[in-house]
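In: predicted structure and sequence below. I'll ask about it afterward.
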Amino acid sequence: MVWVNAIVQGILLGGLYALFATGLSLAFGVMRFVNLAHGDMAILAAFMAFSLTNSLDINPLLTLLIVLPGAFIVGFVLQRLVFDRVVGVDPSFQIVATFGVGVIIQNALLEKYTADTRGLNVGRLETATIRLNDTIGIGWMPLITLMCAVAVLASLALFIRHTKLGRAFRATSDDPDAARLMGIDVRRVFAVAMALAITTVALAGVLLGVRGSFGPFSGPENLIFAFEAVVIGGLGSLWGTLAGGVTLGVAQLIGNQIDPQWGQLAGHIVFLAVLVTRPTGMFGKVALR
Amino acid sequence: MTDVKVSRGTVSSRVFAVLAAAAIVIMAFLPSWGEPATQRKMVELFTLLALAQMWNLLAGFGGVVSVGQQAFMGLGAYAMVSLVNVHGKDMYLSVPISAVIVAALAVPMGLVAFRLRGSYFAIGTWVLAEVVSKVIITVKSLGAGDGVSLKVSGYSVSSRQDLTYWLAMGTGVGSVLLAYVILRSRLGLQMQSIRDDEGGARGLGVNVYRVRFQIWVIAAFWTALAAAPYYLQQLRVQPVGTGGAFSVVQWTAPIIFIVVIGGIGTIEGPIIGAVIYYVLRNKFQDHQTVYLISMGAVALAVALWLQGGIWGTIRRWIGIDLFPVRRRVRTASGQAVAQTSTSAPP
Amino acid sequence: MSDMLRVEALDVGYGDFQALFDINLDVAQAETVSIIGANGAGKSTLLKAIVGLVPPKAGDIHFDGQSITSRPAHRRVADGIALVPEGRRIFPSLTVEENIVIGGDVGRSGPWTKRAVLEAFPLLGRLLKRSGEGLSGGERQTLAIARALMSNPRLLLLDEVSLGLAPIVVRQVYEAIPVIKANGTTVLIVEQDVNQALSVADRFYCLLEGRIALTGVPGEVSKEQITEAYFGMSTVTGDGD
């Protein structure tokens, strides 16, 4: 029974990982851009929620009304002013630039908030659980998180498939120059894509903060989970991202059940196994090469 | 066709070689004329220099950007711990052995990592470093998560400090010479051809994968070698946290900043970067966070706008190479016909 | 009267390599002009420079009296220039129908609507739900032209539309040109197939190694003159070099 519970909890955790992975997948899909500060941006959002929660004395989830639009603007501006210069041929400077941004965010957070870990308290919702039986319980927050992930992925899928801007995203992803020939402002497409990526990862960050504790240096760990979810699920497929996140979550929690020290390691092993045996991932259309 | 001469040395490079040799001799005698505190600082500087040169070989010349070199620092340190503490080997003898062990481990790690490219490769190396770190933490005999002290024996304190210093100097100065030798070799030519035009290089028969793999293993070896004197001086190895062997903040962030700011894709760049980084860090001793933010901002600015870094920019104005890895073609009368370029792609 | 397109002293290069030297060219409204030349002469580069995908090192480009030299490509499309690119560059992630629709997303009004385009190119009607990949060469070329027309361009640039197509398909594609011209569109065609190019053109330019080697009206210039300009040497008369 404990194993079934591990799987159930793993699926719920997978929702959070899928949410982290969505932004990474989107940015890479549209502009072949990987933001090494992706995880740090989630943590930044969590800290923003933390500050707003304390100063406005409201439920952390309500701060999303400010944090999410803010994240959209930050992503848009960051792309236009900073990242646009490193989209393109040589990824070396992209890696260095985004790595630098990550270090800046981590240390700025350290300066302002000290190294203490924090959490976001949502009151009764934190522990509210749907009890299935003695061992298996589905927490409301993890369930809400999973539902958010599914909702975000579904919205993105609909947006990309059925809207004019979504069409522009797909065209730009295929061939930016040909997209320009259609009158598409590719730089604006990039900016919106990054804005969406940062918004989804900000949501993930806040939900992470509710689920557990976080500190200024929690970013890289979550970048790695997002990345592993993308690889396992496969690139080019939004639903693959969900599958990847869930697989990672389940792997980690089964590993955790075996031995708490092995939790995350189990996830890494699954990731490495997929990378070695099937680099395109479970549903991927193109290998990450 | 007029007779042409292909040469590499220049006036400035020869002058520099003489000055550098003199400086090396002087620094070798530091234990006799310098203070112990200076000696300790130089060990750290040499370590950073060695790591930076290796990262530069990988990224600046090989086109392979790794954010996981800390894996080899950690593996090097812990291999040494294992050899010295668990197997009772001599401290200094264990150094080359641990480097060889790490180079061997780098092979399967590389086989996995190179299934990815570009930014995903970078994160992949980070994941590998995390995995290695977590595995090491489970090993009780290596101190688990708390760290472990090196069991020193067989050397007096002062002779240990001197030997460690010379070892550090060896890995530091040696890294520069190693980079220089590699770049002047056939492997170096292949690396540079890949960097300039990967498709073209493949067309000429260059096995891109094998070239990159070779650099990966060489870098792993020398990085592990550089870990040794640093931790022999610290006498204590811990996996994570401040000073942690697997710590990104401790190793990877500084060396990326050093190479990028100093001038990626040049041998002179990491030297300049290491000196500047280290001097400034000591000045900002009490404001480490602010220091890291500033360094991060500068590295970001360089990556966005001044990709040649300090040396890359100087070289564009002055056209001097202190380490001649370019070739000049001159006619018999001394007129320049053509010159290869080593600048990193814009 | 007024030129739809005027190119002045244009120099275009890629890094160290210069592809075009001092190009002067003009196209009048409703004219059809062909640019011919051997492989590598710089024809595609010229079209890319006109539409804005490649920046010039020197010179100016004027469209309908306005200087567009520093305008980004997507704005030139909004102004009324459209390019059917070399290699067609159909979007594989979009269906045939979406490829057509996206051509019109720039929002220029005019005779070319989705219905009009499907009437002019009926073969596309059967393919609407197919993915952008997996079409034959002729289907892709037709789609690329239809897509470009959806932006109701005043100046249509066609880059090597005959490349890789069977002669019969090439003829079908070129049959679309009169329909396009009938709407008053100015057309600039780049072609390696000299006969095909000259058969539709009011005037032509011949490029050789990045420079204009010859310009004239198809009927009024001799085959020898064209050959000389195309290959850069006189026709063989028996003298050795």
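Out: It's in.

In: now the strand or helix carrying residue B:221: average pLDDT?
Out: In this assignment (DSSP states H and E), residue B:221 forms part of helix B:208-234. Averaging pLDDT along helix B:208-234 gives 94.

In: any idea how far the nearest residue to residue A:12 once chain neighbours are set aside is from residue A:125?
Out: Spatial nearest neighbour of residue A:12, excluding adjacent residues (C-beta to C-beta, 6 or more residues apart in numbering or on different chains): residue A:142 at 3.7 Å. The C-beta positions use only the backbone N, C-alpha and C, and glycine is treated the same way. As judged by C-beta to C-beta, to the nearest Å, residue A:142 and residue A:125 stand 11 Å apart.

In: more crowded one of the two?
Out: Between residue A:142 and residue A:125, counting by other C-beta atoms under 10 Å in any protein chain shown, residue A:142 is the more crowded of the two (23 against 15).

In: the helix or strand hosting that one: which residues count as buried?
Out: Secondary structure from DSSP H and E places residue A:142 in helix A:140-162. Going by neighbour count (16 or more other C-beta atoms under 10 Å in any protein chain shown), the buried part of helix A:140-162 is A:140-146, A:148-149, A:152-153, A:156, A:160.

In: check stretch B:190-201 too.
Out: B:190-196, B:201.

In: need the distance between the two termini of that stretch.
Out: End-to-end span of stretch B:190-201 (C-alpha to C-alpha, to the nearest Å): 8 Å.

In: residue ranges with poor pLDDT in the stretch 1-150 of chain A?
Out: Flagging of the stretch 1-150 of chain A using pLDDT under 70 yields the residue ranges A:89.

In: ditto for the stretch 151-289 of chain A
Out: In the stretch 151-289 of chain A, residues with pLDDT under 70: A:284-289.

In: residues from it in reach of chain C?
Out: Remark: the part of the stretch 151-289 of chain A in contact with chain C comprises A:164, A:167-168, A:170-171, A:173-175, A:177-186, using C-beta under 8 Å from any C-beta of the partner chain.

In: okay, now the residue lying closest to residue B:141 once chain neighbours are set aside: neighbour count?
Out: Using C-beta to C-beta, 6+ apart and skipping the chain neighbours, the partner closest in space to residue B:141 is residue B:86 (5.7 Å). As a burial measure, residue B:86 scores 12 neighbours (other C-beta under 10 Å).

In: state the distance from residue B:86 to chain C.
Out: The spacing between residue B:86 and chain C, counted by C-beta to the nearest C-beta, to the nearest Å, is 56 Å.

In: where's that residue relative to residue B:140, distance?
Out: 11 Å.

In: excluding sequence neighbours, find me the nearest residue to whatever residue of chain C ends up closest to chain A.
Out: Closest residue of chain C to chain A, C-beta to the nearest C-beta: residue C:106 (2.9 Å). Closest residue to residue C:106 apart from its sequence neighbours, by C-beta to C-beta, 6+ apart: residue A:183 at 2.9 Å.

In: select the longest helix from chain C.
Out: helix C:167-182 (DSSP state H).

In: which outside residues touch that one?
Out: Contacts to helix C:167-182, defined as C-beta atoms under 8 Å, 6 or more residues apart in numbering or on different chains, come from residues C:30, C:32, C:120-121, C:137-138, C:141-142, C:145, C:149, C:156, C:161-162, C:165, C:187, C:189, C:193, C:196, C:199-200.

In: which among those count as buried?
Out: With burial judged by 16+ other C-beta under 10 Å, the buried subset of these is C:32, C:120-121, C:138, C:141-142, C:145, C:149, C:156, C:161-162, C:165, C:187, C:189, C:193, C:196, C:200.

In: so of these, which ones are in helices?
Out: C:120, C:138, C:141-142, C:145, C:149, C:196, C:200.

In: let me have those in TSV, adding distance to residue A:129 and pLDDT as columns.
Out: Output for these, formatted as TSV (distance: C-beta to C-beta, whole Å; pLDDT from 0 to 100):
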residue	distance to residue A:129	pLDDT
C:120	64	88
C:138	63	88
C:141	62	92
C:142	61	91
C:145	62	94
C:149	61	95
C:196	74	87
C:200	75	89
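
In: what is the burial count for whichever residue of chain C sits closest to chain B?
Out: Proximity of chain C to chain B (C-beta to the nearest C-beta) peaks at residue C:15, 9.3 Å away. Residues lying near residue C:15 (other C-beta under 10 Å) number 6.

In: got the contact list for it?
Out: Per C-beta under 8 Å, 6+ apart, neighbours of residue C:15: none.

In: could you do residue B:124 as well?
Out: Residues near residue B:124 by C-beta under 8 Å, 6+ apart: A:227, A:275, B:68, B:112-113, B:115-116.

In: the helix or strand where it lies to helix B:208-234, inter-axis angle?
Out: Residue B:124 belongs to helix B:118-138 when assigned by DSSP H and E. Relative orientation of helix B:118-138 and helix B:208-234, computed by axes from the mean of the first three to the mean of the last three C-alpha atoms, to 10 degrees: 40 degrees.

In: flag every buried residue along helix B:118-138.
Out: So for helix B:118-138, counting by 16+ other C-beta under 10 Å, buried means B:118-134, B:136-137.

In: same check, this time on stretch C:191-209
Out: C:191-194, C:196-198, C:200-201, C:203-208.

In: start and end of that stretch, how far apart?
Out: Terminal-residue distance, stretch C:191-209 (C-alpha to C-alpha): 15 Å.

In: who's in contact with residue A:91?
Out: So residue A:91 contacts A:32, A:34, B:65, B:118-119, B:122 (C-beta under 8 Å, 6+ apart).

In: contacts only, for residue A:100.
Out: By C-beta under 8 Å, 6+ apart, the residues touching residue A:100 are B:256-257, B:296-297, B:299-300, B:303.

In: max pairwise distance over those residues: which two?
Out: Using C-beta to C-beta, the two most remote members of the contacts of residue A:100 are B:256 and B:297, lying 13.4 Å apart.

In: which of the two has more residues huddled nearby?
Out: residue B:256 (29 against 14).

In: so what does the host helix or strand of the more buried one touch, helix or strand wise?
Out: For residue B:256, the element it lies in under DSSP H and E is helix B:253-263. On a contact count with 3 or more C-beta pairs under 8 Å, 6 or more residues apart in numbering or on different chains; DSSP states H and E, helix B:253-263 meets helix A:91-113, helix B:36-56, helix B:268-283, helix B:288-305, helix B:309-318.

In: tilt between that helix and helix B:208-234?
Out: Orientation check (the same axes, to 10 degrees): helix B:253-263 against helix B:208-234 gives 120 degrees.

In: just the mean pLDDT for helix B:253-263, thanks.
Out: 95.

In: same check, this time on stretch C:160-171
Out: 85.

In: over to stretch B:283-300?
Out: Rounded mean pLDDT across stretch B:283-300 is 91.

In: does chain A have contacts with stretch B:215-231?
Out: No - figure legend: stretch B:215-231 not in contact with chain A (C-beta under 8 Å from any C-beta); closest approach 14.3 Å.

In: in that stretch, what counts as buried?
Out: Here stretch B:215-231 shows B:215-231 as buried, counting by 16+ other C-beta under 10 Å.

In: equivalent analysis for stretch B:96-106, please.
Out: Those would be B:98-99, B:101-103, B:105-106, for stretch B:96-106 by 16+ other C-beta under 10 Å.

In: am I right that the residue nearest to residue C:106 is in contact with residue C:152?
Out: No - contact criterion C-beta atoms under 8 Å: residue A:183 and residue C:152 do not qualify, at 11.0 Å.

In: for burial, what's the neighbour tally of residue B:141?
Out: Residue B:141: 10 neighbours (other C-beta under 10 Å).

In: quick check: the gap between it and residue B:82.
Out: 8 Å.

In: now do residue A:181
Out: Applying C-beta to C-beta to residue A:181 and residue B:82 gives a distance of 61 Å.
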